[in-house]
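*Asks:* coords below, sequence missing:
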Ligand SMILES: C[S@@+](CC[C@H](N)C(=O)[O-])C[C@H]1O[C@@H](n2cnc3c(N)ncnc32)[C@H](O)[C@@H]1O
């Protein structure tokens with residue numbers, strides 16, 4: 001690919017953004033003539049009021065329009081990417097026709113409206129229609145590239161990784177960017193559904209592998225996953241994460257990058273984007289998220305491997321401080337056998353001997369939620385049991401958040417990752433799913449982000 005070429009072979013263009021009148025815009029859209037400039041202006045005015053265009057009126061005369069930052073994000077950039085395919089993807093007929101049926105997710109949450117109407121789940125539906133699948137890939141590239149730029153600016157947890165798998169990696173953009181930044185990663189595996197990777201572009205250092213994450217995941221030192229868990233139920237997430245566990249060596253790491261719902265239902269753009277995304281998932285992907293949030297939260301945990309497995313390091317996963325600052329005591333979001341812990345790297349993951357792991361074993365059978373109180377082990381020198389344990393691990397989590405500075409992402413005007421520092425303006429948020437994961441031997445970083 002030439003420097004001045006986009007991935008699709010088109011020449012890169014730079015945006016002049018000179019203000020144009022509706023009729024000037026029309027001649028660019030329809031060079032051979034035709035169209036109605038007045039009707040176009042009606043739309044441009046509305047979009048101006050929504051911040052997509054700026055309107056310029058010299059001496060109160062003719063209306064001229066230039067792009068705002070929001071408008072620019074919809075125009076193909078020098079990389080050949082934009083946010084537009086994401087908008088188009090969400091507005092395809094097959095998805096739009098779901099919106100009058102949102103209420104069905106309330107009436108019967110066991111089947112998402114998409115499945116009710118189309119008779120099959122969204123991903124398998126996309127897979128049969130190459131245009132839909134192609135648009136999904138382009139949408140993900142357009143959103144994920146600016147997003148990953150922010151993540152990679154702030155997150156430094158790839159150190160020591162030689163082989164990295166991106167589960168549900170779509171066209172491989174996230175992996176490409178990670179490998180470009182971290183040259184020590186020698187091998188990247190972009191793992192996605194066969195029909196998705198079949199059309200993925202070739203990327204130096206990246207092997208595309210088609211498969212099903214519910215069956216198995218290619219082995220690697222670390223697994224990266226972005227916007228994958230969010231579209232599945234907790235039980236499905238448990239299956240995915242069990243396969244991650246199997247694919248990782250002792251001391252391996254899972255880096256999950258998922259949107260996290262804010263606790264406060266305020267009117268900020270961030271909150272709205274996250275809540276809208278949640279309703280999108282409810283309508284298109286999974287109507288049933290987790291069981292009632294107020295039921296025993298421990299039931300949302302999954303134990304990845306029993307205490308006798310892989311006698312090496314135990315994991316600790318470090319959670320975004322925004323999250324953990326919010327946890328009620330009974331929510332064991334992150335756990336760490338603290339008394340044996342040491343900070344191991346600049347990413348400030350804490351590790352300890354697995355024998356110190358104090359996490360209970362949970363049922364992995366979908367639909368059956370069992371909490372085995374006798375599954376506890378020594379938590380360092382202290383014997384823990386029952387409610388106590390969860391209170392302890394929760395406090396542990398709260399302490400850990402302050403070690404998590406490196407996971408914070410910077411914000412930008414692009415679709416971006418935002419995580420707030422602690423303090424009075426910290427945005428309070430809490431994941432609606434994956435409340436806790438006992439992930440022995442596996443480090444998990446969970447990045448909270450929005451766009
Ligand atoms: C929301 S997209 C996220 C894409 C990419 N991680 C990103 O952030 O740009 C979810 C991805 O999961 C993939 N996926 C869905 N079901 C899968 C399965 N059973 N096994 C592997 N990948 C799957 C989809 O094809 C899609 O590329």
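*Replies:* Noted; the coordinates are in hand. Note that the coordinates shown come from a computational prediction; the quantities given were computed from them, not determined experimentally.
*Asks:* ok, and the closest non-adjacent residue to the residue of the chain found nearest the ligand?
*Replies:* The minimum distance from the chain to the ligand, using C-beta to the nearest ligand atom, falls at residue 168 (2.9 Å). In short, each C-beta sits where N, CA and C put it, glycine included. Among residues not flanking residue 168 along the chain, residue 228 sits closest, at 3.8 Å (C-beta to C-beta, 6 or more residues apart in numbering).
*Asks:* For that neighbour, the count of nearby residues, please.
*Replies:* Counted with other C-beta atoms under 10 Å, the neighbours of residue 228 add up to 20.
*Asks:* repeat for residue 31
*Replies:* 8.
*Asks:* So it versus residue 25, what's the distance?
*Replies:* Note on residue 31: its distance to residue 25, by C-beta to C-beta, to the nearest Å, is 12 Å.
*Asks:* Residue 197 too?
*Replies:* Taking C-beta to C-beta, one finds residue 197 at 39 Å from residue 25.
*Asks:* close to the ligand, is stretch 156-166?
*Replies:* No. Under the criterion of C-beta under 6 Å from any ligand atom, the ligand is not reached by stretch 156-166; the shortest gap measures 6.5 Å.
*Asks:* List the buried residues for that stretch?
*Replies:* 157, 158, 161, 164, 165, 166 (16 or more other C-beta atoms under 10 Å).
*Asks:* This protein against the ligand: which residues are in contact?
*Replies:* Going by C-beta under 6 Å from any ligand atom, the residues of the chain near the ligand are 123, 140, 144, 168-170, 174, 192-193, 196, 212-214, 226-228.
*Asks:* make it 5 Å
*Replies:* Residues of the chain found near the ligand (C-beta under 5 Å from any ligand atom) are 123, 140, 144, 168, 170, 192, 193, 196, 212, 213, 226, 227.
*Asks:* hang on, isn't the third one packed against residue 175?
*Replies:* It refers to residue 144. No. With contacts counted by C-beta atoms under 8 Å, residue 144 stays clear of residue 175, the gap being 10.3 Å.
*Asks:* sec struct for residue 55, please.
*Replies:* strand (DSSP: H, G, I helix; E, B strand; the rest coil).
*Asks:* before we move on, the earlier item: out of the buried residues of stretch 156-166, name the ones that lie in strands.
*Replies:* Among the buried residues of stretch 156-166, the members found in strands (DSSP state E) are 164, 165, 166.
*Asks:* now for stretch 183-192, what's the gap between its first and last residues?
*Replies:* 23 Å (C-alpha to C-alpha, to the nearest Å).
*Asks:* for stretch 258-271, that is, sorry about that
*Replies:* Terminal-residue distance, stretch 258-271 (C-alpha to C-alpha): 15 Å.
*Asks:* and if you look at stretch 215-235?
*Replies:* 14 Å.
*Asks:* Buried residues in stretch 94-101, which are they?
*Replies:* In stretch 94-101, the ones that count as buried by 16+ other C-beta under 10 Å are 95, 98.
*Asks:* Likewise for stretch 18-25?
*Replies:* 19, 20, 21, 22, 25.
*Asks:* ok, residue 192 - contacts?
*Replies:* Residues in contact with residue 192, defined by C-beta atoms under 8 Å, 6 or more residues apart in numbering, are 167, 168, 169, 170, 200, 208, 210.
*Asks:* mind checking the backbone torsions on it?
*Replies:* phi -150, psi -180 (degrees, to the nearest 10).
*Asks:* doesn't residue 255 fall inside a strand?
*Replies:* Yes. Assigned with three-state DSSP, residue 255 falls within a strand.
*Asks:* Mind listing the residues bridging to it?
*Replies:* residue 224, residue 445 (DSSP bridges).
*Asks:* burial measure for it, as a count.
*Replies:* 25.
*Asks:* Would you confirm that it contacts residue 228?
*Replies:* No. With contacts counted by C-beta under 8 Å, residue 255 stays clear of residue 228, the gap being 11.4 Å.
*Asks:* What is the nearest of the ones in strands among the buried residues of stretch 156-166 to residue 149?
*Replies:* residue 166 (16.1 Å; C-beta to C-beta).
*Asks:* Ignoring the adjacent residues along the chain, who's closest to that closest one?
*Replies:* residue 175 (4.4 Å).
*Asks:* dump the residue contacts of the one you found.
*Replies:* Residues in contact with residue 175 (C-beta under 8 Å, 6+ apart) are 164, 166, 169, 188, 189, 190, 203, 206, 224.
*Asks:* There's contact between the first one and residue 218 in this structure, I believe.
*Replies:* What it means is residue 164. No. Between residue 164 and residue 218 there is no contact under C-beta under 8 Å: 10.3 Å.
*Asks:* so what sits against both of these two?
*Replies:* Shared contacts of residue 164 and residue 218, counting by C-beta under 8 Å, 6+ apart, come down to residue 189.
*Asks:* Could I get the pLDDT score of the residue nearest to residue 168?
*Replies:* Looking at residue 228, its pLDDT reads 94.
*Asks:* again, but for residue 98
*Replies:* We note a pLDDT of 92 for residue 98 in this prediction.
*Asks:* Give me the secondary structure label for residue 207.
*Replies:* strand.
*Asks:* Which strand residues bridge it?
*Replies:* residue 189.
*Asks:* count of residues packed around it?
*Replies:* Around residue 207 there are 16 residues (other C-beta under 10 Å).
*Asks:* Can you name every helix or strand that the helix or strand that contains residue 149 contacts?
*Replies:* Secondary-structure assignment from DSSP states H and E places residue 149 in helix 130-154. Judged by 3 or more C-beta pairs under 8 Å, 6 or more residues apart in numbering; DSSP states H and E, helix 130-154 is in contact with helix 84-90, helix 122-128, helix 173-181, helix 194-197, strand 443-449.
*Asks:* For the ones you listed, state which one has the densest average packing.
*Replies:* Ranked by mean neighbour count, the helices and strands packed on helix 130-154 are led by strand 443-449 with a mean of 24 (mean count of other C-beta atoms under 10 Å).
*Asks:* residues touching the spatially closest residue to residue 232 that is not a sequence neighbour, list them.
*Replies:* The spatially closest residue to residue 232, leaving aside those adjacent along the chain, is residue 286, at 6.1 Å (C-beta to C-beta, 6+ apart). With contact taken as C-beta under 8 Å, 6+ apart, residue 286 is in contact with 112, 231, 232, 233, 236.
*Asks:* which of those sit farthest apart?
*Replies:* 112 and 236 (12.3 Å).
*Asks:* Surely residue 17 touches residue 67?
*Replies:* Yes. In this structure, residue 17 is within contact of residue 67 by C-beta under 8 Å, at 5.4 Å.
*Asks:* Where does the prediction get shaky in the stretch 201-350 of the chain?
*Replies:* 288-350 (pLDDT under 70).
*Asks:* in it, which spans are strands?
*Replies:* 206-210, 222-226, 253-259, 302-303, 313-314, 317-319, 342-343, 350-353 (DSSP state E, counting those that start in this stretch).
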